[in-house]
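**Student:** using only what follows, build the 3D model:
(one chain, ligands or ions: 2)
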Amino acid sequence: MITPRVLLTTGGAGFIGSNFVHYCQGQYSKGQYSKGQYSEICVLDALTYAGNRATLGDLEGQDGFHLIEGNICDAGLVAQILAAHQIDTVVHFAAESHVDRSISGPAAFVQTNVVGTFTLLEAFRHHWQERGKPEQFRFLHVSTDEVFGSLGPDDPAFSEVTPYAPNSPYSASKAGSDHLVRAYFHTYGLPTLITNCSNNYGPYQFPEKLIPLMCINILLGKPLPVYGDGQNIRDWLHVEDHCRALEAVLLKAKPGETYNIGGNNQVKNIDIVEQICDLMESWAGELPISPKKLITFVGDRPGHDRRYAMNIAKIQRDLSWQPHYDFATGLKQTVDWYLTHRDWWQPLLSDEYQGYYAALYGDRP
Ligand code: NAD
Ligand code: TYD
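**Tutor:** Ligands and ions are numbered 1, 2, ... in the order given. A predicted model of the protein is given here:
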């Protein structure tokens with residue numbers, strides 16, 4: 001019998017955080033654990049361009065659910081939330097998460113990802129110490145495979161002992177936050193956990209990322225920008241599988257542990273774009289242009305990591321977790337979701353987004 005947890009999710013109005021909140025509410029049928037694990041769920045989210053209140057709209061007003069608009073760098077607010085709701089579990093998603101934005105504007109990445117994580121750790125440390133260091137408290141830091149750098153074609157996949165070698169301001173700021181979390185376990189004994197996950201896909205991902213961007217551009221008849229030669233490889237995991245992994249780590253892992261999470265699913269960018277084109281072509285609705293005609297190779301991202309791949313033996317062995325989705329099924333479900341949820345993504349194509357898009361793609365060779 002597990003005591004229900006009082007959960008604070010930072011960044012719970014973003015892509016993975018919102019999927020996790022929905023998962024914890026028992027809205028996904030494949031969940032290994034049942035609804036009732038959480039007596040209360042608080043979301044702290046600054047609602048930046050990437051955060052979307054509408055994603056959690058069905059939960060607002062429900063008993064035991066609270067969406068708090070605020071910044072993780074606000075130490076007073078964080079302390080007040082931890083105390084007022086008697087939080088025992090933090091799952092920390094909040095971050096600036098897009099590599100391209102980290103190249104054009106790295107400061108926000110250092111602020112949120114490094115300073116924000118530090119602020120949360122400090123507040124949670126005091127909260128935990130003042131209550132006599134309860135054993136069931138947990139701080140789960142959600143991180144990325146990008147901290148490990150880039151793999152050559154024949155290199156073995158990243159494991160939990162691969163040295164960090166981040167190459168972008170995004171991955172460097174996530175690496176910095178991982179190190180702080182690790183230090184808080186070793187120095188203070190704070191019961192922290194770290195997960196490093198590969199690229200996620202699924203519902204509610206902001207339009208700037210590869211898969212939603214391709215789906216939306218096909219519907220709008222806009223070019224499909226493929227960076228460089230399109231041969232870069234990512235290890236794609238369905239977001240629902242990520243949520244199941246996070247819950248397994250939260251409930252079963254020993255404090256201080258780190259786990260790699262991935263899909264055992266390495267795919268080249270150009271292959272993904274072509275698969276999306278094929279899926280959309282077979283859709284019964286009207287498309288402005290045949291999708292493959294829209295594929296456009298554009299200048300590469302500076303410092304573009306060539307290949308990521310995760311060795312997931314540790315989480316498979318220790319926590320009996322493994323991905324459920326095969327990529328063909330998950331990608332079709334995701335493409336269908338974007339086709340049928342125009343009401344969700346259309347409002348996100350705001351003036352800010354158009355400005356970002358023009359600056360990133362407008363003059364690209
Ligand atoms: P996202 O950009 O979709 O969402 C981030 C959320 O954090 C948004 O709701 C945003 O409003 C919020 N936020 C940003 N700055 C904040 C601040 N200062 N205070 C409070 N809230 C703030 O990101 P995502 O793709 O859902 O990623 C979530 C986490 O998972 C990140 O830490 C990311 O590094 C990690 N991750 C992502 C992937 C992926 O493929 N998307 C893979 C591995 C790990
Ligand atoms: P992205 O979704 O930005 O995730 P990440 O950079 O964190 O892996 O991009 C996934 C891959 O797709 C990455 O190799 C960059 C590439 N990409 C394009 O080729 N074109 C695009 O317009 C975007 C957004 C990404």
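
**Student:** and the nearest residue to A46 once chain neighbours are set aside, how far is that from ligand 2?
**Tutor:** Using CB to CB, 6 or more residues apart in numbering and skipping the chain neighbours, the partner closest in space to A46 is N71 (4.6 Å). Any C-beta I mention is one placed from the backbone N, CA and C, and that applies to glycine too. N71 sits 23 Å away from ligand 2, going by CB to the nearest ligand atom, to the nearest Å.

**Student:** just say helix, strand or coil for N71.
**Tutor:** With DSSP: H, G, I helix; E, B strand; the rest coil as the basis, the three-state label of N71 is coil.

**Student:** isn't it right up against V115?
**Tutor:** No. Between N71 and V115 there is no contact under CB atoms under 8 Å: 10.2 Å.

**Student:** have a look at the two and say which one is more surrounded.
**Tutor:** N71 (19 against 16; other CB atoms under 10 Å).

**Student:** what pLDDT does the more buried one get?
**Tutor:** For N71, the pLDDT comes out at 98.

**Student:** go on, S39?
**Tutor:** We have a pLDDT of 86 for S39.

**Student:** and what of E135?
**Tutor:** Looking at E135, its pLDDT is 95.

**Student:** residue contacts, the closest residue to it other than its chain neighbours?
**Tutor:** Nearest residue to E135, sequence neighbours excluded (CB to CB, 6+ apart): P191, at 7.6 Å. Residues counted as contacts of P191 (CB atoms under 8 Å, 6 or more residues apart in numbering) are 128, 135, 137-139, 185, 255-256.

**Student:** give me the buried entries from these.
**Tutor:** With neighbours counted by 16 or more other CB atoms under 10 Å, those contain buried members at 128, 137-139, 185, 256.

**Student:** just those: which are in helices?
**Tutor:** 128, 185 (DSSP state H).

**Student:** which one of the contacts of P191 is nearest to ligand 1?
**Tutor:** F139 (13.5 Å; CB to the nearest ligand atom).

**Student:** would you mind measuring from the closest one to Y184?
**Tutor:** 8 Å (CB to CB, to the nearest Å).

**Student:** identify the contacts common to those two.
**Tutor:** Common neighbours of F139 and Y184 (CB under 8 Å, 6+ apart) are 121, 190, 192.

**Student:** which residues in this protein form strands?
**Tutor:** 5-10, 38-45, 65-69, 89-92, 138-144, 192-197, 200-201, 224-227, 233-235, 237-238, 258-261, 266-268, 295-298 (DSSP state E).

**Student:** most neighbours, which of the shared contacts of F139 and Y184?
**Tutor:** In the shared contacts of F139 and Y184, the most neighbours by other CB under 10 Å go to T192, 27 neighbours.

**Student:** could you check how far that residue is from I233?
**Tutor:** Taking CB to CB, one finds T192 at 30 Å from I233.

**Student:** next: E40.
**Tutor:** Taken as CB to CB, the span from E40 to I233 is 41 Å.

**Student:** residues contacting R306?
**Tutor:** So R306 contacts 150-152, 231-233 (CB under 8 Å, 6+ apart).

**Student:** now do C277, the pLDDT please.
**Tutor:** At C277, pLDDT is 97.

**Student:** neighbours around it, how many?
**Tutor:** 21.

**Student:** so what's it up against?
**Tutor:** Contacts of C277 (CB under 8 Å, 6+ apart): 214, 218, 224, 291-292, 294-295.

**Student:** now with 10 Å?
**Tutor:** 214, 218, 224, 287, 290-295, 335 (CB atoms under 10 Å, 6 or more residues apart in numbering).

**Student:** select only the buried ones of these in PyMOL?
**Tutor:** Per 16+ other CB under 10 Å, the buried members of these correspond to this PyMOL selection:
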select buried, resi 214+218+224+291+294+295+335
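
**Student:** and the contacts of C277, which of them are in helices?
**Tutor:** When DSSP H is applied, these are split such that 214, 218, 335 fall in helices.

**Student:** OK, contacts around the first one?
**Tutor:** If I follow you right, that is M214. Going by CB under 10 Å, 6+ apart, the list of residues near M214 reads 207, 222, 224-226, 269, 272-277, 280, 291, 294-295, 335, 338.

**Student:** restrict those residues to contacts with ligand 2.
**Tutor:** Checked against ligand 2 using CB under 6 Å from any ligand atom, the contacts of M214 yield the following neighbours: 225-226, 269.
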